[in-house]
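S.K.: Predicted model and sequence follow; I will ask about them next.
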Amino acid sequence: MLFHSKFERARRRQREMLGLDDPDRQTQEERKPARLEKGDRFAMIMSAFLTLFLPSVLILLFLGGIFLLLIRLL
């Protein structure tokens, strides 16, 4: 991230001002791996389908249509 150090410095300052500066909790939160929520896997599969499969099918249909038009004209 481009402004990662500035962002972390601002977060640290904000925690100090609010009195939330607990180093044990901070390290525990940073160590936790990111977990998928219940509907995230389906959402990821759908986004991959919409991003990759549908445009490729549309391109193939378009190219097939052009090919059929060229055959009929000749």
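M.R.: Happy to help now that I have it. Note that the structure is a prediction, hence the values are computed from the model and not measured.

S.K.: how far away is the most centrally placed residue in the chain from Leu58?
M.R.: Nearest to the mean C-alpha position of the chain, counting by CA atoms, centre = their mean, stands Met44 at 8.4 Å. The gap separating Met44 from Leu58 is 22 Å, by CB to CB, to the nearest Å. Bear in mind the C-beta positions are built from the backbone N, C-alpha and C, glycine included.

S.K.: Could you tell me how far the longest helix belonging to the chain lies from the centre of the chain?
M.R.: Criterion DSSP state H: the longest helix present in the chain is helix 54-73. On the basis of CA atoms, centre = their mean, to the nearest Å, helix 54-73 is displaced by 31 Å from the centre of the chain it belongs to.

S.K.: can you list the residues that contact it?
M.R.: With contact meaning CB atoms under 8 Å, 6 or more residues apart in numbering, helix 54-73 is reached by no other residue.

S.K.: what's the average pLDDT for it?
M.R.: For helix 54-73, mean pLDDT is 94.

S.K.: begin at 640 from here
M.R.: All set: I'll call the first residue 640, so the last point we hit is now helix 693-712.

S.K.: So which bits of that helix are buried?
M.R.: Buried residues in helix 693-712, counted by 16 or more other CB atoms under 10 Å: none are found.
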